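Enquirer: how would this look folded up:
(one chain, ligands or ions: 2)
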Amino acid sequence: MNFLRLSDVDLAGKRVFIRTDFNVPLKADGTLADDTRIRAALPGILACLEAGAAVMITSHLGRPLEGALTPADSLAPVAACLGDLLGRPVPLVRDWVDGGFGVRPGDVVLLENCRGNVGEKADDAALAARIARFVDVYVNDAFGTAHRRECTLHALALAAPVACAGPLMSAELDALGRALAQPARPLAAIVAGSKVSTKLTILESLAGKVDVLVLGGGIANTFLAARGYPVGRSLYEPDLADAARAVERRLAAHDGVAWLPEDVIAADRFAADARTRCLPIDAVAGDEMILDIGPDSRRSLAELLERAGTIVWNGPVGVFELEPFAAGTAALAGAVAASRAFSIAGGGDTLAAIARFGVANRIDYISTGGGAFLEFLEGRELPAVAALKARARPGSRRIGPVPEFENEPQPT
Ligand SMILES: Nc1ncnc2c1ncn2[C@@H]1O[C@H](COP(=O)(O)OP(=O)(O)O)[C@@H](O)[C@H]1O
Ligand SMILES: O=C(OP(=O)(O)O)[C@H](O)COP(=O)(O)O
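Expert: Ligands and ions are numbered 1, 2, ... in the order given. Predicted coordinates:
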């Protein structure tokens, strides 16, 4: 890959800004449900600290309103977890875009949820220029978010004095590049979960590449509705029915298979103590919501995956966080683990499911990305990677005003 890597950069005494993906699932009480993404970023953080850099880390968490972070959007639980893993307190800095918070060489701070900053989502170059004033080296180690064109992923990479990939980003791109260059056939992609609109846009081109497309969660509901089945109050996107039909046509054009559940677990409420029914897909009532796949679907899915040569899995097929709706994702995790196929899985909640169902050591490659690795598989250039590559091209120049380095490190 043609970009600068962290190991190529002199870090001693430098103010290093690391963009990570600490978008981790939280439990109802606000504590972390899974810390895989935080553990995966430790090598990059430790390399910077050991080299004597002043380390500033940021990430997004969830999809908050810009300029209006609430306590539920805070990275505070992440700061606590990171502090435990590093064996030192990690101060959380709020209102950080103009620097001035002070971090000394050998110290580390966590900068509050970057999606709270006005201009982050819009990839604002002016916001990037403000941040670049207190950054010597920009490190992107956020593979899980590399498919988003946002300020701390893209514009800042173009504006910082030096921009490089962290070890997690490098390792993910290398590993996925090798694994997906010539996948053993049949290639089965499982695309499920709740991020219906962003994942559906990926599916049309993915449908041209895969032999089997397994649809679950809110994405399956959208396809079921597009085929005319009743989905009641389920999570789905009625506006994407045409897009779903186009995906099915694209698959059919090369004899690809779309797998949808034949039976489901429907509930009257989104709650662990909801009244539930196991139903064929044509029998969901108007006031019910589909929250998991049923037993026949679990069996047919396992049989289908037995025949795959390569499996890529992103997204749980049910609301596995709630016990009555966990069986489908448990069965899927078991089927991926039992398969002889080369298996790749990832995504914020998928990582939590993999940990919960104890299948991590039977999956060939676990990625911190979900949507990111699907876009990588699709063959799209990830915007964050494109920015790093642009900086590595001969003659490429940093954009934005020259930083004045006026926010000298202050004692914390
Ligand atoms: N039928 C469903 N209805 C509502 N939510 C669902 C359904 N199936 C799965 N989910 C939810 O999808 C979420 C994960 O979706 P997503 O963020 O797209 O996955 P990932 O983080 O692995 O990429 C989980 O919190 C799960 O509860
Ligand atoms: O969790 C993430 O993606 P994933 O759910 O595909 O794994 C990334 O942090 C991206 O988050 P976003 O989909 O809110 O941009």
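
Enquirer: By proximity to ligand 1, which residue of the stretch 101-250 of the chain wins?
Expert: Minimum separation of the stretch 101-250 of the chain from ligand 1 (CB to the nearest ligand atom) falls at residue 193, amounting to 2.5 Å. Glycine gets a C-beta too; all of them are placed from N, C-alpha and C.

Enquirer: wait, doesn't that residue sit right on residue 353?
Expert: No. Using CB atoms under 8 Å as the test, residue 193 is too far from residue 353 to be in contact (9.8 Å).

Enquirer: so what's in contact with those two at the same time?
Expert: Both residue 193 and residue 353 are contacted by residue 316, under the criterion CB atoms under 8 Å, 6 or more residues apart in numbering.

Enquirer: still on that earlier bit, kindly confirm my reading that the residue of the stretch 101-250 of the chain closest to ligand 1 is in a helix.
Expert: No. The assignment for residue 193, made by DSSP: H, G, I helix; E, B strand; the rest coil, is coil rather than a helix.

Enquirer: change the start of the numbering to 30 and stick with it
Expert: Right, with 30 as the first residue, what we last looked at is residue 222.

Enquirer: ok, it - contacts?
Expert: Residue 222 is in contact with 228, 245, 246, 247, 248, 343, 344, 345, 376, 378, 379, 399, counting by CB under 8 Å, 6+ apart.

Enquirer: Drop anything exposed from those.
Expert: Buried by 16 or more other CB atoms under 10 Å: 228, 245, 246, 247, 248, 343, 344, 345, 376, 378, 379, 399, out of the contacts of residue 222.

Enquirer: From residue 249, how far out is the closest residue to the residue of the stretch 130-279 of the chain closest to ligand 1 other than its chain neighbours?
Expert: In this structure, residue 222 finds its nearest non-sequential neighbour in residue 344, 2.9 Å apart by CB to CB, 6 or more residues apart in numbering. Residue 344 sits 10 Å away from residue 249, going by CB to CB, to the nearest Å.

Enquirer: same check, this time on residue 239
Expert: In terms of CB to CB, residue 239 sits 16 Å off from residue 249.

Enquirer: Residue 324 too?
Expert: Taken as CB to CB, the span from residue 324 to residue 249 is 16 Å.

Enquirer: Neighbour count: these two, which is higher?
Expert: The neighbour comparison of residue 324 against residue 249 (other CB atoms under 10 Å) goes to residue 249, with 32 against 13.

Enquirer: and that one, what element?
Expert: helix 246-255 (DSSP states H and E).

Enquirer: quick one: buried residues of stretch 306-319?
Expert: Those would be 308, 310, 313, 317, 318, 319, for stretch 306-319 by 16+ other CB under 10 Å.

Enquirer: didn't the fourth one look like it was pressed against residue 294?
Expert: This means residue 317. No. Residue 317 lies out of contact with residue 294 (CB under 8 Å); the separation is 9.9 Å.

Enquirer: so of the buried residues of stretch 306-319, which ones are in strands?
Expert: Judged by DSSP state E, the subset of the buried residues of stretch 306-319 located in strands is 308, 318, 319.

Enquirer: Among those, which ones lie close to ligand 1?
Expert: Contacts with ligand 1 within those, as defined by CB under 6 Å from any ligand atom: residue 319.

Enquirer: In JSON lines, list the ones in strands among the buried residues of stretch 306-319 along with pLDDT and distance to ligand 2.
Expert: Shown next, in JSON lines, are these (pLDDT from 0 to 100; distance: CB to the nearest ligand atom, whole Å):
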{"residue": "308", "pLDDT": "98", "distance to ligand 2": "28"}
{"residue": "318", "pLDDT": "98", "distance to ligand 2": "21"}
{"residue": "319", "pLDDT": "98", "distance to ligand 2": "20"}
